[in-house]
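K.L.:
Starting from these lines, generate the structure:
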Amino acid sequence: MSSAIRVLFLCTGNSCRSQMAEGLLRSRGGGRFEASSAGTSPKTVHSLALRAMAELGIDVSSQVSESVDRYIDANFDWVITVCDNAKQSCPTFSGAARRLHWSFDDPAEAAGLEERRMEVFRGIRDEIDERIREFVAEPSNQKGKG
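P.N.:
Below you'll find the model as predicted:
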């Protein structure tokens, strides 16, 4: 059995925010975390989310958008909702998961030319990255502590 801290990121579409959070935690977590993501109404992973992550050297192109139903009986140490809608409709998990809510705007709703939309994706990605770095550094999430 893995001693990794298991984290599930939930969003509505599982196309942007939760996908970026999953990739960032895998990258920033030093192998101490097992990250997954899912959506309450999953859609295809957004191409600009893939591009925003690639700019940081993080390849999330193999990640797929999945339904939260796939994980309903799984055990997680943390379930983190990254949008308000997912927080309101988040199911109860059978495992003893602790829950967090991080509210991020949906970059998929950005309007305008692609470069303007890309700026929005970068901004949300960077906000998520900051939260992930704080989460990884939290003493209660260190192996053998907490």
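K.L.:
which strands and helices sit next to the helix or strand harbouring Phe135?
P.N.:
Phe135 belongs to helix 114-137 when assigned by DSSP states H and E. Helices and strands touching helix 114-137, by 3 or more Cβ pairs under 8 Å, 6 or more residues apart in numbering; DSSP states H and E, are helix 17-28, helix 47-54. Every residue, glycine included, has its C-beta placed from N, CA and C.
K.L.:
could you give the mean pLDDT of the longest one?
P.N.:
For helix 17-28, the per-residue pLDDT values average out at 97.
K.L.:
what's the distance between the residue of the chain positioned farthest from its centre and Arg99?
P.N.:
Centroid-distance maximum for the chain: Leu113 at 25.7 Å, with Cα atoms, centre = their mean. Applying Cβ to Cβ, to the nearest Å, the value for Leu113 to Arg99 is 38 Å.
K.L.:
same deal with Asp69?
P.N.:
Distance from Asp69 to Arg99, by Cβ to Cβ: 18 Å.
K.L.:
Of the two, give the one with the bigger neighbour count.
P.N.:
Legend: neighbour count by other Cβ atoms under 10 Å for Asp69 and Arg99, higher for Arg99 (15 against 11).
K.L.:
if I pick that one, what's in contact with it?
P.N.:
Trp78, Val79, Ile80, Thr81, Cys90 (Cβ atoms under 8 Å, 6 or more residues apart in numbering).
K.L.:
If any of those are buried, put those into a ChimeraX selection.
P.N.:
This is how ChimeraX selects the buried members of these, with burial counted by 16 or more other Cβ atoms under 10 Å:
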select :78,79,80,81,90
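K.L.:
How about the contacts made by the residue lying closest to Leu100 once chain neighbours are set aside?
P.N.:
Leaving aside its chain neighbours, Leu100 sits nearest to Ile80 (4.6 Å; criterion: Cβ to Cβ, 6 or more residues apart in numbering). If you count contacts by Cβ under 8 Å, 6+ apart, Ile80 has them with Val7, Leu8, Phe9, Leu10, Ala21, Arg99, Leu100, His101, Trp102.
K.L.:
Ok, Phe9 next?
P.N.:
Arg17, Ser18, Ala21, Glu22, Leu25, Ala35, Ser36, Ser37, Ala38, Ile80, Thr81, Val82.
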